[in-house]
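A.B. asks: only the shape, not the letters, is given here:
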């Protein structure tokens, strides 16, 4: 079976531009002949398994051609997760435990496991993005107990020393849980766009009620989607 970069992107559940960047950075095994790239399926399967990435060969035929799922929106993921204020905790471990408890639809053992994976991720590098915002997330997609991606918005009682990149205490966390790498990158990109807006960050500092928050997210997402069409 001959696979091009689009096939490989679908197999790994990644955006094509992300896979293209990984190829250019030498992060993924690929053979180059002139201007053409070729992929060894068995090598890629082993590479993906070693990194806990999914690898499923793309479907062929008419049914596959008809597949065109609607991209997950930031607003729908945030509504699904909900918004919570007054979370207790004075350390990163404490506040992540409180955040995990807020995740809807997870049983107690799954919340405990989630907390462990979040701590593991923080030990690699802080998810504190700067400006007092953190986006904690597991290293790999969360499939057990999670039917759809969601983002839980959490406002601690007091800002937390989070070892963020700018050393500022974190006053809001967006706990991002995805069912695939592709959806994770899609939602993370949209969240990053919102955080770059200083006016939005000031808005967050007021710990807005859920509906005000969702209304603001809806407006920012609309602007982002319009800009991508230009």
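C.D. replies: Looks like it arrived, so ask away. Just so it is clear, the model here is predicted, and its values are computed rather than measured.
A.B. asks: by contact count, what packs against the longest helix seen in the chain?
C.D. replies: Longest helix in the chain by number of residues, with DSSP state H as the criterion: helix 210-229. Applying 3 or more C-beta pairs under 8 Å, 6 or more residues apart in numbering; DSSP states H and E, one finds that helix 210-229 contacts helix 74-81, strand 83-87, helix 181-195, helix 198-205. Every residue, glycine included, has its C-beta placed from N, CA and C.
A.B. asks: and the ones you listed, which one's lowest on average pLDDT?
C.D. replies: Confidence, taken as mean pLDDT, is least for helix 181-195 of the helices and strands packed on helix 210-229 (a mean of 91).
A.B. asks: how far does that one sit from its chain's centre?
C.D. replies: Centre-to-centre, helix 181-195 and its host chain are 6 Å apart (C-alpha atoms, centre = their mean, to the nearest Å).
A.B. asks: buried residues, it. List them.
C.D. replies: Neighbour counts over helix 181-195 (16 or more other C-beta atoms under 10 Å) mark 181-188, 190-191, 193-195 as buried.
A.B. asks: which one of these is nearest to residue 132?
C.D. replies: Using C-beta to C-beta, the shortest approach to residue 132 within these belongs to residue 195, at 9.8 Å.
A.B. asks: OK, contacts around the closest one?
C.D. replies: 129, 130, 131, 133, 201 (C-beta atoms under 8 Å, 6 or more residues apart in numbering).
A.B. asks: ok, back up a step: make JSON lines out of the buried residues of helix 181-195 and add distance to residue 118.
C.D. replies: Output for the buried residues of helix 181-195, formatted as JSON lines (distance: C-beta to C-beta, whole Å):
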{"residue": "181", "distance to residue 118": "17"}
{"residue": "182", "distance to residue 118": "21"}
{"residue": "183", "distance to residue 118": "18"}
{"residue": "184", "distance to residue 118": "14"}
{"residue": "185", "distance to residue 118": "18"}
{"residue": "186", "distance to residue 118": "20"}
{"residue": "187", "distance to residue 118": "16"}
{"residue": "188", "distance to residue 118": "15"}
{"residue": "190", "distance to residue 118": "21"}
{"residue": "191", "distance to residue 118": "16"}
{"residue": "193", "distance to residue 118": "23"}
{"residue": "194", "distance to residue 118": "21"}
{"residue": "195", "distance to residue 118": "19"}
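A.B. asks: show me this protein divided up by domain.
C.D. replies: 5-65, 74-229 (automatic domain parsing).
A.B. asks: just name the most buried of those domains.
C.D. replies: domain 74-229 (a mean of 17; mean count of other C-beta atoms under 10 Å).
A.B. asks: before we move on, back to that, what's the longest helix of the chain in contact with?
C.D. replies: 73-75, 78-79, 82-83, 153, 190, 193-194, 197, 200, 203-204, 208.
A.B. asks: what's the average pLDDT for it?
C.D. replies: Helix 210-229 comes out at a mean pLDDT of 87.
A.B. asks: swap in stretch 140-160?
C.D. replies: Mean predicted lDDT for stretch 140-160 stands at 87.
A.B. asks: which parts of this structure are helices?
C.D. replies: So, for the chain - with DSSP H - the helices run 5-12, 16-24, 41-50, 62-65, 74-81, 92-101, 108-124, 181-195, 198-205, 210-229.
A.B. asks: can you add distance to residue 56 and give those helices back as JSON lines?
C.D. replies: Converted to JSON lines, the helices of the chain look like this (distance: least, C-beta to C-beta, whole Å):
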{"stretch": "helix 5-12", "distance to residue 56": "6"}
{"stretch": "helix 16-24", "distance to residue 56": "15"}
{"stretch": "helix 41-50", "distance to residue 56": "10"}
{"stretch": "helix 62-65", "distance to residue 56": "12"}
{"stretch": "helix 74-81", "distance to residue 56": "23"}
{"stretch": "helix 92-101", "distance to residue 56": "29"}
{"stretch": "helix 108-124", "distance to residue 56": "23"}
{"stretch": "helix 181-195", "distance to residue 56": "12"}
{"stretch": "helix 198-205", "distance to residue 56": "37"}
{"stretch": "helix 210-229", "distance to residue 56": "27"}
